[in-house]
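A.B. asks: here's my sequence, what's the structure:
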Amino acid sequence: QVQLVESGGGLVQAGGSLRLSCAASGRTFSSYAMGWFRQAPGKEREFVAAISWSGGSTYYADSVKGRFTISRDNAKNTVYLQMNSLKPEDTAVYYCAAAPITAGGSSPVEYDYWGQGTQVTVSS
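C.D. replies: All right, here's what the predicted structure looks like:
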């Protein structure tokens, strides 16, 4: 069992930045690939970014590539999402998720554990 708690969401103007954090507890954090997803009102949950268990590989949705950076600190059991150049269309609830070490792609079904989400609102 892995418990995930996101933080760092809030209200920001377009062009601004936020850094989301996801603190993990429970089973060995470094045994899991980690991902960030988001869900806007009336829309399906969509993939944002993922990082391998070691941090050596990262993957991004085309919509955030070049603006968002995913990273992890296994010593602190934490994964981060640095979001720069935010746009109003980035407004959503952001979720972190943990996947078995061999998974961790762009599909939500690959992830076994989810946080409760943190709201990000970008005003125009």
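
A.B. asks: count the neighbours of the closest residue to residue 110 other than its chain neighbours for me.
C.D. replies: Sequence neighbours aside, residue 103 is the residue nearest to residue 110 in space, at 4.1 Å (criterion: C-beta to C-beta, 6 or more residues apart in numbering). Where C-beta positions appear, they are placed from N, C-alpha and C, glycine not excepted. Neighbour count of residue 103, defined by other C-beta atoms under 10 Å: 16.

A.B. asks: heads up, I number from 862, so please use that
C.D. replies: Sure, I'll start numbering at 862, so the last one becomes residue 964.

A.B. asks: was I right about residue 964 contacting residue 958?
C.D. replies: No - counting by C-beta atoms under 8 Å, residue 964 stays clear of residue 958, with 10.4 Å between them.

A.B. asks: between these two, what contacts are shared?
C.D. replies: residue 972 (C-beta atoms under 8 Å, 6 or more residues apart in numbering).
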